[in-house]
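Asks: Predicted model follows, preceded by the sequence.
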Amino acid sequence: MAATTFRVFRYQPDSGDLESFHQDFALEHEEKTTVLDALLRIQNEQDGTLAVRYSCRSAICGSCACKVNGKTVLACMTQVEEAKAESGSSTLQVDPIGNFAPIKDLVVDMTPFWEKFKAVKPFLIPDGPAPDKERLVPKAAMEKVAKESACILCAACYSECNSLAADPEFVGPAAFAWGYRFAADERDSQRKDRAKLYSGEHGIWDCTRCMFCNERCPKGVDPRDAIEKLGAIAFQEKVTKDKGARHAKAFLISMKTGGKLNEQLVGGFTDPVGGAFNAPLALRMLQKGKLPASPLTHKVQDRDQVTKLMKNVKETI
Amino acid sequence: MPRQFAYYPGCVAEFSSKELNATTKALAPLLDIELLPMPQATCCGAGDIAEAKPNLYLALNVRILSEAEEMGADILTICNVCTLNLRRANKMVKEDPRLLEQVNGELVNAGARPYQGTIDVTHLLWYLATEEGLSLLEQRGPKGLNGLRVAPYYGCQLLRPSSVMGFEDPDRPQSLERLITALGGEVADYDGKSRCCGFPIILAREQVALRESHVALAGARDAGAQAMVTPCPLCHLAMDAYQRKTEQLMGEEYAMPVLHLPQLIGLALGMPTQSMEFKRHFTPVDDVLATVGA
Ligand code: SF4
Ligand code: SF4
Ligand code: FES
């Protein structure tokens, strides 16, 4: 047997109390107990009002994401003793996932998540009339989207997404993983339209590459990698008007012209219009020597190799 | 015998944030490190080329790894983003011989040397935060930081994804803390130390980026830090060069000097301050220099 103190986030606006707080529950339990099992025992034995969302208890339904000692996990996939060992603490603090408004205790309002999910058109849009039989897909083609197909929509990847914290309208990691899953499906006819749809104001170029989504996803979906692949699809479809795409283009031009980054070009090319508002900062950067004056001189040795790679290497996205 | 590394400073340290490159070069001999130049090495693409042309990203980065392999030395970096891009390419080809073969085909076609997969990529912080590195510092008999209260700021890409980086627990990183303490500084702990600085989108989505860097700057300030230290020149640009803009956007004041990791070590070892080129910083570091007696 083992003993653990669970410091659980409580928020019960229905009872008239609009303040949240943490409440400690002491529990004796088997060595092998998941955080979800522990929470359900607390609910059964100590406080029937504790609200927890769950269904499958086996890491399939995606209902039970929460934070355990600050780290977003699936409660049903997390062993209490392992979480304690990892954080070096005998107390486990359990909080609702971040970046969503709490409704009650550990339950949050998932409405924005589902809206964003719907916004990426997470379904196949094939061309022409349906064939008599099924559309056959070669195995290799499905392998391209296998990782993304494993998503269980648990929103663990949204919980600590840094771009979402700074821009609540950011479409976000899981939705784009689904976007890629269909954009890259050879039965889908909307590749270019999807590239356009995902490139907007709060779209793929909003992602700040904090890598929290890859780190937290319990299913190995690596949503950031899916966003990156959507960038490559946008490039292939020549959907490159967004400032984020222009930023990436500037890197390619730098590579072509010298092999190393050309700072002035990146700044000017990314945002030729809005960049003017940054003139005071650019001036100070120049004064501090942070925008080297002769940018085209960053040439590497054996640059012809680089030129050839740029010409020869084919993209297979 | 000094430890030899193929030195990959990355574009930002080489051009925009020259003070980082200069300090690293001045510091290396004091730590018995020899930095071998890599004349053929291109930009790693900073994640941008990976996002536009993933196969090209891989070929360019494997070409860099191959140059180091020919030199017979592991790569030493001083930038989070370079570290992730190089390590990721390395992992991809090391784990998949068929992919390595494909990439090598491209390299040979372009007249470049094929890669055999024998090189490791490490960051200066990782090299120094081990027993070996800490004892190197100890041997120098550091004059110390005189209790300077320093906020460790890791940023993202030296920690995550841990499957590629793997040096330490991304949720409880300790390498910067170990160094700060070993050098006689005091750690100002705060939540934002492994949050994003926003730099990757600072040109394309400035306001989103500045709201991100605010979290760390405010956290460090509220923890009573006299300075922030970072292992990444991109984080440095976001935290230092853009700090005033973030203050304006958020209506807050941080007044937070931001040090590059080698500058913090240089101060503790008593390196001449001119060699660390603090004049290139936006937020003045005078109070920091006064505290450590530099
Ligand atoms: S991508 Fe991963 S973390 Fe995000 S919703 Fe899907 S399964 Fe959950
Ligand atoms: S990498 Fe991008 S999508 Fe993933 S958590 Fe960070 S900002 Fe969000
Ligand atoms: S209860 Fe279904 S995933 Fe945890």
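Replies: Perfect, thanks for sending it. Numbering: from 1, shown residues only, chains lettered A, B, ... in the order given. Ligands and ions are numbered 1, 2, ... in the order given.

Asks: Setting the sequence-adjacent residues aside, check what's closest to residue B:129.
Replies: Setting aside the residues directly before and after it, residue B:129 is nearest to residue B:175 in space (CB to CB, 6 or more residues apart in numbering or on different chains), at 3.5 Å. C-beta here means a position set from N, CA and C on the backbone, and glycine is covered the same way.

Asks: who's in contact with the one you found?
Replies: By CB atoms under 8 Å, 6 or more residues apart in numbering or on different chains, the residues touching residue B:175 are B:125, B:126, B:129, B:167, B:168.

Asks: Please narrow those residues to those residing in helices.
Replies: B:125, B:126 (DSSP state H).

Asks: Make JSON lines out of the contacts of residue B:175 and add neighbour count.
Replies: Compiled in JSON lines, these are given as follows (neighbours: other CB atoms under 10 Å in any protein chain shown):
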{"residue": "B:125", "neighbour count": "28"}
{"residue": "B:126", "neighbour count": "20"}
{"residue": "B:129", "neighbour count": "23"}
{"residue": "B:167", "neighbour count": "18"}
{"residue": "B:168", "neighbour count": "19"}
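
Asks: From the contacts of residue B:175, pick the one nearest residue A:160.
Replies: residue B:168 (17.9 Å; CB to CB).

Asks: host element of residue 86?
Replies: All of this is about chain A. Taking DSSP states H and E as the definition, one finds residue A:86 inside helix A:80-87.

Asks: hmm, I had chain B in mind actually
Replies: helix B:80-95.

Asks: Show me what that helix is packed up against.
Replies: On a contact count with 3 or more CB pairs under 8 Å, 6 or more residues apart in numbering or on different chains; DSSP states H and E, helix B:80-95 meets helix B:54-71, strand B:75-77, helix B:97-109, strand B:121-123, helix B:233-236.

Asks: Let's see that with 10 Å instead.
Replies: Under the contact criterion of 3 or more CB pairs under 10 Å, 6 or more residues apart in numbering or on different chains; DSSP states H and E, helix B:80-95 touches strand B:3-8, helix B:48-52, helix B:54-71, strand B:75-77, helix B:97-109, strand B:121-123, helix B:124-128, helix B:233-236.

Asks: Now do residue A:294, the pLDDT please.
Replies: Note for residue A:294: predicted pLDDT of 53.

Asks: Quick check: the closest residue to ligand 3 within the stretch 51-200 of chain B vs ligand 2, distance?
Replies: Going by CB to the nearest ligand atom, ligand 3 is nearest to residue B:171 of the stretch 51-200 of chain B, at 20.5 Å. Computed as CB to the nearest ligand atom, to the nearest Å, the residue B:171 to ligand 2 distance reads 14 Å.

Asks: next one: residue B:8
Replies: 24 Å.

Asks: Indicate whether the helix holding residue B:86 makes contact with ligand 2.
Replies: No. Contact between helix B:80-95 and ligand 2 is absent, the nearest approach being 11.8 Å (criterion: CB under 6 Å from any ligand atom).

Asks: In that helix, which residues are buried?
Replies: B:80-90, B:92-94 (16 or more other CB atoms under 10 Å in any protein chain shown).

Asks: Among these, which one lies nearest to ligand 2?
Replies: residue B:84 (11.8 Å).

Asks: Need phi/psi at the spatially most central residue of chain A.
Replies: With distances taken as CA atoms, centre = their mean, the residue of chain A nearest its centroid is residue A:173 (2.8 Å). Dihedral pair for residue A:173: phi -60, psi -60, per degrees, to the nearest 10.

Asks: ditto for residue A:223
Replies: The phi/psi pair for residue A:223 (degrees, to the nearest 10) is phi -60, psi -30.

Asks: For the closest residue to it other than its chain neighbours, which residues are in contact?
Replies: Nearest non-adjacent residue to residue A:223, counting by CB to CB, 6+ apart: residue A:173, 3.3 Å away. By CB atoms under 10 Å, 6 or more residues apart in numbering or on different chains, the contact list for residue A:173 reads A:116, A:151, A:155-158, A:161, A:163-164, A:207, A:212-214, A:216-217, A:221-224, A:226-227.

Asks: Next: residue B:286.
Replies: B:257, B:278.

Asks: Now do it, the pLDDT please.
Replies: Residue B:286 is given a pLDDT of 97.

Asks: and it, what are its phi and psi?
Replies: According to degrees, to the nearest 10, residue B:286 has phi -50, psi -40.

Asks: Also residue B:12?
Replies: Torsion angles at residue B:12 (phi, psi; degrees, to the nearest 10) stand at phi -70, psi -40.

Asks: Contacts for the element among helices and strands of chain B having the smallest mean pLDDT next, please.
Replies: None of the helices or strands of chain B scores lower by mean pLDDT, DSSP states H and E than helix B:131-139, at a mean of 92. Contact with helix B:131-139 is made by B:3, B:30-33, B:124-130, B:175, B:178-179, B:181-183, B:265, B:268-269, as judged by CB under 10 Å, 6+ apart.

Asks: just the buried members of those?
Replies: Applying 16+ other CB under 10 Å to the contacts of helix B:131-139 flags B:3, B:30-31, B:33, B:124-129, B:175, B:178-179, B:182-183, B:265, B:268-269 as buried.

Asks: ok, residue A:193 touching residue A:179?
Replies: No. With contact defined as CB atoms under 10 Å, residue A:193 and residue A:179 do not form a contacting pair (11.3 Å).

Asks: Would you quantify the distance from the residue of chain B found nearest ligand 2 to residue B:205?
Replies: Nearest residue of chain B to ligand 2: residue B:196, at 6.9 Å (CB to the nearest ligand atom). Distance of residue B:196 to residue B:205, given as CB to CB, to the nearest Å: 12 Å.

Asks: mind putting the buried residues of helix B:80-95 in TSV, pLDDT included?
Replies: Listed next are the buried residues of helix B:80-95 as TSV, based on pLDDT from 0 to 100:
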residue	pLDDT
B:80	98
B:81	98
B:82	98
B:83	98
B:84	98
B:85	98
B:86	98
B:87	98
B:88	98
B:89	98
B:90	98
B:92	98
B:93	98
B:94	98
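
Asks: Contacts only, for the residue nearest to residue A:69 when sequence neighbours are not counted.
Replies: Leaving aside its sequence neighbours, residue A:69 sits nearest to residue A:87 (CB to CB, 6+ apart; 4.4 Å). Neighbour list for residue A:87: A:68, A:69, A:70, A:71, A:93, B:169, B:171, B:172 [criterion: CB under 10 Å, 6+ apart].

Asks: cool, residue A:210 as well?
Replies: With CB under 10 Å, 6+ apart, residue A:210 has these contacts: A:160-165, A:224, B:155-157, B:159-160, B:194-198, B:200, B:212.

Asks: Nearest to residue A:127 among the contacts of residue A:87?
Replies: Nearest member of the contacts of residue A:87 to residue A:127, counting by CB to CB, is residue A:71, at 43.7 Å.

Asks: Of the contacts of residue A:210, which ones also sit close to ligand 3?
Replies: Answer for the contacts of residue A:210 near ligand 3: none qualify (CB under 6 Å from any ligand atom).

Asks: Residue 262: neighbour count?
Replies: No chain in the question, so chain A it is. Neighbour count for residue A:262, taken as other CB atoms under 10 Å in any protein chain shown: 25.

Asks: ah, I was thinking of chain B
Replies: Residue B:262, neighbours per other CB under 10 Å, totals 29.
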